[in-house]
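Undergrad: Return atomic coordinates for the entry below.
(one chain, ligands or ions: 2)
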Amino acid sequence: MGTTGVALQRFTELDEQQLDTRIQAARDALGDRLVILGHHYQREEVFRHADFTGDSLKLSRQAAQTNAEYIVFCGVHFMAEVADIMSSPEQISILPDLNAGCSMADMADLEKVEDVWQELSEVLDPDEKVTPVTYINSAADLKAFCGRHGGIVCTSTNAPRVLEWAFRQREKVLFFPDQHLGRNTGYNMGVPLEQMVVWDSTKPLGGLTRQQIREAKIILWNGFCSVHQMFRPEHIDQYKARYPEAKVISHPECCFEVCQKSDYVGSTEYILNTVSSAEAGSRWLVGTELNMVSRLKEQLEPKGVAVQFMSPMVCMCSTMFRIDPQHLLWTLENLVEDRVVNRIAVPEEEAAQARIALNRMFEVSA
Ligand code: CIZ
Ligand code: SF4
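TA: Ligands and ions are numbered 1, 2, ... in the order given. Below you'll find the model as predicted:
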């Protein structure tokens, strides 16, 4: 690797067409040895090269099923980790740009979660009373924590089923890192707001009283997605004032007020399926990442379906944006020369524990 490999700098001079042609040529050269997975939030120039596209649930299933030697994940770090965990040890999972993280995933780490577990034990026995549930947007060691403590992983597609499972195991849930997904899902299942408390790690006992902890059904981590938090209820009010007949569809990472004002709430897969099958003449206000909404808008305009992005500001996942055609080409041309760059490898013991929590999720959402 390094000096003898294909250098990334070489690609700065290439135009879009040249990049496209060379990515395609490298894909052809690698054939079945390669599979490219592309998340809905990827920019178009990368997305179009994916063999499979989808949300993280769908793509992690693809990663578990493929026999390809190389799994190149056009997404973010935690997704490439899941691909490594769910594939066989001989398969290699690759993230074209290692800077493609997820700011929400970074809001929870193992040390902090273990501290919370420890603090909770001053009030109750967490291993008896609390199911830990981690959103798939989290590091592999947090999934392993859930595996060790009778917990489970969820995505925005299966969060309701996963929470139902979690409550069948134990009376409470510790949900991390996204408070909005936890709250929105819990509320729709009938958990009252006052029984969903937010744990503030900077304060003793999360800033909660012992009674609040004993009465809580869901203890929410204080995390959020900065992209989805930009969507505000006023954006919906303004749009509805102009187009009262419009339908509003949002992602459950949006805040509670936005989800309450929306006609439909669901994952990117759900949004894609719902809006794609909408009737001609219908109008949609969509609250999720910009690349995906722009793609929907372009695809549906000819069918007479109007798609509008929810915020007046640009709300793009800046870390997904790190995966550009230059990095994809760099990754692939190195593979053509049998050089692996940017491998994502989860240590085996951690992977085994994380797999327990992921497999529980696959079973529940089958
Ligand atoms: O689960 C995923 O892939 C994410 C990050 C969002 C969604 O709703 O698909
Ligand atoms: Fe993470 Fe938000 Fe980007 Fe999704 S949109 S990957 S939650 S930062």
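
Undergrad: average model confidence for the biggest helix by length in the chain?
TA: Counting residues, the longest helix found in the chain (DSSP state H) is helix 348-364. Averaged over helix 348-364, pLDDT sits at 98.

Undergrad: May I see the buried residues of that helix?
TA: 350-351, 353-362, 364 (16 or more other C-beta atoms under 10 Å). For glycine as for every other residue, the C-beta is placed from the backbone atoms N, C-alpha and C.

Undergrad: Kindly provide the distance from residue 259 to residue 187.
TA: Residue 259 sits 8 Å away from residue 187, going by C-beta to C-beta, to the nearest Å.

Undergrad: These two: who's more crowded?
TA: Between residue 259 and residue 187, counted using other C-beta atoms under 10 Å, residue 259 has the larger neighbour count: 25 against 17.

Undergrad: tell me the contacts of residue 358?
TA: Contacts for residue 358 were tallied using C-beta atoms under 8 Å, 6 or more residues apart in numbering; they are 60, 82, 85-86, 143, 153.

Undergrad: Could you point out the member of these that lies closest to residue 249?
TA: Nearest to residue 249 among the contacts of residue 358: residue 60, at 23.6 Å, using C-beta to C-beta.

Undergrad: if you skip the residues just before and after it, what's nearest to the residue most central in space within the chain?
TA: Geometric centre of the chain, nearest residue: residue 137, 4.7 Å, by C-alpha atoms, centre = their mean. In space, and not counting its chain neighbours, residue 137 is closest to residue 105: 4.7 Å by C-beta to C-beta, 6 or more residues apart in numbering.

Undergrad: need the contact list for the one you found.
TA: Residues in contact with residue 105 (C-beta under 8 Å, 6+ apart) are 76-78, 137-139, 177.

Undergrad: Next to ligand 2 in this structure, residues from the stretch 101-250 of the chain, please.
TA: Listed as neighbours of ligand 2 in the stretch 101-250 of the chain under the rule C-beta under 6 Å from any ligand atom: 102-104, 137, 225, 227.

Undergrad: rewinding a little: quick one, grab the pLDDT at the residue nearest to residue 137.
TA: You'll see residue 105 listed with a pLDDT of 98.

Undergrad: one step back: of the residues of the stretch 101-250 of the chain next to ligand 2, list those near ligand 1.
TA: residue 137.

Undergrad: which among the residues of the stretch 101-250 of the chain next to ligand 2 gets closest to residue 254?
TA: Using C-beta to C-beta, these come closest to residue 254 at residue 225, 8.5 Å.

Undergrad: Isn't the closest one up against residue 178?
TA: Yes - Residue 225 is within contact range of residue 178, at 6.5 Å (criterion: C-beta atoms under 8 Å).

Undergrad: Need the overlap of contacts for the two.
TA: Joint contacts of residue 225 and residue 178 (C-beta under 8 Å, 6+ apart) are 104, 137, 253.

Undergrad: Return the member of these nearest to ligand 1.
TA: Comparing these against ligand 1 with C-beta to the nearest ligand atom places residue 137 closest, at 5.7 Å.

Undergrad: how far away is the closest one from residue 181?
TA: Note on residue 137: its distance to residue 181, by C-beta to C-beta, is 9 Å.

Undergrad: Done for today, thanks.
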